[in-house]
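>>> All I have is the shape, not the residue letters:
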């Protein structure tokens, strides 16, 4: 699922470069630099260490 998310975000980013951002972008988590991986980290912090399996490192460097 990580690959699907990565490529969907990459495609969205490429489209935004071509066409501009979506109408509600300003003020969104995306406009603040918050990616899904950041949401997962916040979820992990709020629900505890054992909630998510972090044995694989996310590959978000191409988007950051």
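Perfect, thanks for sending it. This is a predicted model, so every value here is computed, not measured.
>>> Show the residue spans covered by the helices in this structure.
Using DSSP state H, the helices of the chain run over residues 2-19, 36-47.
>>> For the ones you listed, give me JSON lines that also has distance to residue 30.
In short, each C-beta sits where N, CA and C put it, glycine included. What follows is the helices of the chain, written out as JSON lines (distance: least, CB to CB, whole Å):
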{"stretch": "helix 2-19", "distance to residue 30": "9"}
{"stretch": "helix 36-47", "distance to residue 30": "10"}
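>>> any idea which of the ones you listed scores lowest on pLDDT?
Least confidently modelled of those is helix 36-47, at a mean of 79 by mean pLDDT.
>>> so how far is that helix from its chain's centroid?
Going by CA atoms, centre = their mean, to the nearest Å, the spacing between the C-alpha centre of helix 36-47 and its chain's C-alpha centre is 11 Å.
>>> Kindly report the same for stretch 22-35.
Mean-position distance between stretch 22-35 and its chain equals 11 Å (CA atoms, centre = their mean).
>>> sorry, back to before: kindly reformat the helices of the chain as TSV containing mean neighbour count.
Listed next are the helices of the chain as TSV, based on neighbours: other CB atoms under 10 Å:
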stretch	mean neighbour count
helix 2-19	12
helix 36-47	13
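>>> Surely residue 29 touches residue 39?
Yes - using CB atoms under 8 Å, residue 29 is in contact with residue 39, at 7.5 Å.
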